[in-house]
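J.: Provide a 3D model corresponding to the input given below.
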Amino acid sequence: MSTSGLQGAAVVVTGAGSGIGRAAALRFAAAGSHVVVADLDGDTAARTVDEIAAAGGAAVAVVGDLSEQGVIDDVVATAGTRFGGIDVLVNNAGIMDTMSAPADITDDEWDRLIRINLTAPFKLMRAVIPAMLEKGKGSIVNTASEASLRGSAAGAAYTASKHGVLGLTRSAAVMYRDKGIRVNAVAPGATATNITVDADAQAPGPGVIGSYMRNIGRVGEADELAAAIQFLASDEAGNISGVLLPVDNGWSAV
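T.: So this is what the prediction gives:
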């Protein structure tokens with residue numbers, strides 16, 4: 001467990017009610033961090049907080065749509081009031097698309113994917129970086145995707161959003177490389193979570209993508225992703241920034 005520099009750190013984890021986000025929140029809490037559990041689902045967020053508290057950790061939930069500025073403001077204010085600021089931001093919340101090809105994507109699907117998967121991480125980064133600059137230190141870990149690396153892992157909307165997350169990660173890493181702020185990303189491969197894909201197997205997009213999915217390899221566990229996130233956030237990764245770390249059983253090497 002990578003815990004260097006995480007004892008007493010204030011950590012925001014989005015999408016922390018379930019899946020990779022929940023596993024990351026539990027890992028940070030076990031390392032002695034104080035965790036803001038941000039999620040759209042109030043019930044699952046509360047369960048994560050309760051689980052952390054039962055183990056003797058400190059956590060608080062913030063519920064809402066993280067693409068809305070008011071919710072972003074609530075996350076930052078809660079972290080400041082309860083834990084004295086934000087040392088680590090884990091932008092993990094995201095949704096899948098319907099595997100649609102560009103000609104088949106509706107405006108609603110496109111707008112929702114970009115808003116949740118790309119705009120929300122951007123707004124959170126914009127909100128927390130000024131305080132990190134004042135401290136002269138901070139770590140941001142974004143959940144990208146295999147779809148950040150290729151065009152055959154998801155539909156066009158999801159792929160575009162996750163390519164955007166990678167671009168945002170690398171840009172911020174360069175912008176703040178001399179300011180003590182590190183920005184990295186993980187690329188999950190097939191992972192056992194509750195994220196769902198509502199796709200018509202007979203539609204053009206799913207029909208094409210399905211032929212490429214035989215290379216995904218072993219399905220990973222959420223805690224394997226959480227371990228990578230925690231490492232990148234910790235001081236053990238103190239000279240690592242601008243990296244996309246695949247956690248994918250070698251899928252990205254195929």
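J.: For Val88, see how far away the closest residue to Thr191 other than its chain neighbours is.
T.: Distance criterion CB to CB, 6 or more residues apart in numbering; nearest residue to Thr191, sequence neighbours excluded, is Gly220 at 4.7 Å. Where C-beta positions appear, they are placed from N, C-alpha and C, glycine not excepted. As judged by CB to CB, to the nearest Å, Gly220 and Val88 stand 22 Å apart.
J.: more crowded one of the two?
T.: Val88 (27 against 21; other CB atoms under 10 Å).
J.: Flag the shaky bits of the stretch 151-254 of the chain, pLDDT-wise.
T.: Along the stretch 151-254 of the chain, segments meeting pLDDT under 70 span 195-203, 205.
J.: Strands of that one, start to end?
T.: 181-188, 191-192, 220-221, 244-247 (DSSP state E, counting those that start in this stretch).
J.: Could you dump these into TSV and include distance to Ile114?
T.: Conversion of the strands of the stretch 151-254 of the chain to TSV gives the following (distance: least, CB to CB, whole Å):
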stretch	distance to Ile114
strand 181-188	17
strand 191-192	22
strand 220-221	26
strand 244-247	19
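J.: Comparing these, which stretch has the densest surroundings?
T.: Among the strands of the stretch 151-254 of the chain, ranked by average contacts under mean count of other CB atoms under 10 Å, first place goes to strand 181-188 (a mean of 26).
J.: Could you tell me which strands sit next to that one in the sheet, and their orientation?
T.: strand 138-143 (parallel), strand 244-247 (parallel) (DSSP bridges).
J.: Give me the buried positions along the strand or helix carrying Arg126.
T.: When elements are assigned from DSSP states H and E, Arg126 belongs to helix 120-135. Under the neighbour-count criterion of 16 or more other CB atoms under 10 Å, helix 120-135 has Ala120, Pro121, Phe122, Lys123, Leu124, Met125, Ala127, Val128, Ile129, Ala131, Met132 buried.
J.: Just the element for the closest residue to the fourth one other than its chain neighbours, please.
T.: So the one you mean is Lys123. Excluding the flanking residues, the one nearest Lys123 by CB to CB, 6+ apart is Ile72, at 5.1 Å. Using DSSP H and E, Ile72 maps to helix 69-83.
J.: returning to what we had before: would you put the C-alpha positions of the helix holding Arg126 in PDB?
T.: Taking Å, rounded to 0.1, in the frame of the first residue of the first chain, the C-alpha atoms of helix 120-135 are listed here in PDB:
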ATOM      1  CA  ALA A 120     -16.800  17.900 -14.500                       C
ATOM      2  CA  PRO A 121     -13.200  16.900 -14.100                       C
ATOM      3  CA  PHE A 122     -12.100  20.200 -15.700                       C
ATOM      4  CA  LYS A 123     -14.300  22.200 -13.300                       C
ATOM      5  CA  LEU A 124     -13.000  20.400 -10.300                       C
ATOM      6  CA  MET A 125      -9.400  20.900 -11.300                       C
ATOM      7  CA  ARG A 126     -10.000  24.600 -11.900                       C
ATOM      8  CA  ALA A 127     -11.600  24.800  -8.500                       C
ATOM      9  CA  VAL A 128      -8.800  23.100  -6.500                       C
ATOM     10  CA  ILE A 129      -5.600  24.100  -8.300                       C
ATOM     11  CA  PRO A 130      -5.500  27.700  -6.800                       C
ATOM     12  CA  ALA A 131      -5.300  26.400  -3.300                       C
ATOM     13  CA  MET A 132      -2.700  23.800  -4.300                       C
ATOM     14  CA  LEU A 133      -0.700  26.600  -5.800                       C
ATOM     15  CA  GLU A 134      -0.800  28.400  -2.500                       C
ATOM     16  CA  LYS A 135       0.500  25.300  -0.700                       C
END
